[in-house]
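K.L.:
sequence-free structure coming up:
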């Protein structure tokens, strides 16, 4: 019976994985032409349903934007969508007498990361009428996270566009200079962090001797006995301990305000944040902790930039150091969107403790949001979503007035407000030691 079930289970798993991969591949931004018109499609797939927007344009002052609906047929990899509602129009004579389109295309993925939608388009009101060509290529990298609207009490689906942007590189020798300049602090932090014990009980199964029975091994041994097969005698389990079982993502706010000079006018907030991050990264790398360093900024909901300076399972070498040396402050702080994306990197990590350590100098804000509470509540919702996935979020705020909003976002004991910004390089590693204890 077990042998019959195995192929069936493998088939179900492979089929589900195929659907998931297809959804991941179709969701995104597609650029090209539909019936000779330049177009940019934003497609979001949920199940076999498609939603999004179609942006037809000739110039920046001559365009139409529609909402779209459609579906994906996994049997033949066909994609069907149509212009549902006109959302915006600029330019009186755009495309002459153009009408909403119905498009049918084949999804092609020839390899090397390239994806295409090739097919035909016809007027929505006359599907059997004249047909024009559809030729679209998927653009690389966008992500469309939801955003919480506290006024209506629900999420706005696929409301933001997050783009993982290449981190500019600087001189990695600048990072070494930071370590040399703070050698005494480096040694002290290294000693203190080594003393932190992050442990969890681990059940070690299939042992010849132990203080309890391994239930799975006992069942398999019983089955073997009944089928007249010699059973495996390793049917015990013991309780052991695993040390330093954690994954940490350091998330840096890279908004324009980090370029401001501190009170004594000697340096900027960004330079102090870089220095603190370098000291912490050096300590974690020496100990062997699993960590990543990312940053974010935003320019409205359609342009949330996300920068990966150092990823999990990548060495902390010349390239991450060059990226840290080259990081710059710009634009605004759409915090909730960045926290959701940071959480996605930790969800699949096999670690007992998962932590996002956020370093920010102000409250969430963006150029297209005028309600001061809107992004605060969205960031709070993002923290709660990460908590449900077992991801703990802690904030170090450099804003002296942060008490009025950080407790609402992160909880009463999950933040620190640093009154003296100059002490950031010393305090950040100490904070790490405390929250991972």
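P.N.:
Now that the structure is in, tell me what you want to look at. Keep in mind that this is a model prediction, so the values were computed, not measured.
K.L.:
quick one: contacts for the residue nearest the centre of the chain?
P.N.:
For the chain, the residue nearest the mean C-alpha position is residue 341 (2.2 Å; CA atoms, centre = their mean). By CB atoms under 8 Å, 6 or more residues apart in numbering, the residues touching residue 341 are 143, 145, 162, 296, 306. Heads up, the C-betas are built off the backbone N, CA and C, glycines and all.
K.L.:
quick one, strands of the stretch 301-437 of the chain?
P.N.:
For the stretch 301-437 of the chain, the strands defined by DSSP state E, counting those that start in this stretch occupy 304-310, 353-360, 391-397, 415-417.
K.L.:
Please, where are all the helices along the stretch 51-200 of the chain?
P.N.:
173-181, 183-194 (DSSP state H, counting those that start in this stretch).
K.L.:
so which of those comes closest to residue 30?
P.N.:
Closest of these to residue 30 is helix 173-181, at 39.4 Å (criterion: CB to CB).
K.L.:
the inter-axis angle of the closest one versus helix 183-194?
P.N.:
Helix 173-181 runs at 90 degrees relative to helix 183-194, counting by axes from the mean of the first three to the mean of the last three CA atoms, to 10 degrees.
K.L.:
Go ahead and measure how far helix 173-181 is from the middle of the chain.
P.N.:
When C-alpha coordinates are averaged (CA atoms, centre = their mean, to the nearest Å), helix 173-181 and its chain have centres 30 Å apart.
K.L.:
Now do the domain split for the chain, please.
P.N.:
For the chain, the structural domains run 23-140, 163-196+244-435, 204-242, going by automatic domain parsing.
K.L.:
and the shortest one, which residues are buried?
P.N.:
For domain 204-242, the neighbour count (16 or more other CB atoms under 10 Å) marks 210, 214, 217, 220-221, 231, 235-237 as buried.
K.L.:
Columns secondary structure, pLDDT and distance to residue 374 on top of the residues you listed, output as JSON lines?
P.N.:
Formatted as JSON lines, the buried residues of domain 204-242 follow (DSSP: H, G, I helix; E, B strand; the rest coil; pLDDT from 0 to 100; distance: CB to CB, whole Å):
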{"residue": "210", "secondary structure": "coil", "pLDDT": "85", "distance to residue 374": "55"}
{"residue": "214", "secondary structure": "coil", "pLDDT": "90", "distance to residue 374": "52"}
{"residue": "217", "secondary structure": "helix", "pLDDT": "91", "distance to residue 374": "54"}
{"residue": "220", "secondary structure": "helix", "pLDDT": "92", "distance to residue 374": "55"}
{"residue": "221", "secondary structure": "helix", "pLDDT": "92", "distance to residue 374": "59"}
{"residue": "231", "secondary structure": "coil", "pLDDT": "91", "distance to residue 374": "62"}
{"residue": "235", "secondary structure": "coil", "pLDDT": "91", "distance to residue 374": "58"}
{"residue": "236", "secondary structure": "strand", "pLDDT": "91", "distance to residue 374": "57"}
{"residue": "237", "secondary structure": "strand", "pLDDT": "89", "distance to residue 374": "51"}
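K.L.:
what about residue 250, distance to residue 76?
P.N.:
According to CB to CB, to the nearest Å, residue 250 and residue 76 sit 46 Å apart.
K.L.:
what's the answer for residue 372, then?
P.N.:
For residue 372 relative to residue 76 (CB to CB), the value is 50 Å.
K.L.:
who has more neighbours, the two?
P.N.:
Between residue 372 and residue 76, counting by other CB atoms under 10 Å, residue 372 is the more crowded of the two (11 against 7).
K.L.:
OK, contacts around the more buried one?
P.N.:
For residue 372, the contact set (CB under 8 Å, 6+ apart) comprises 363, 365.
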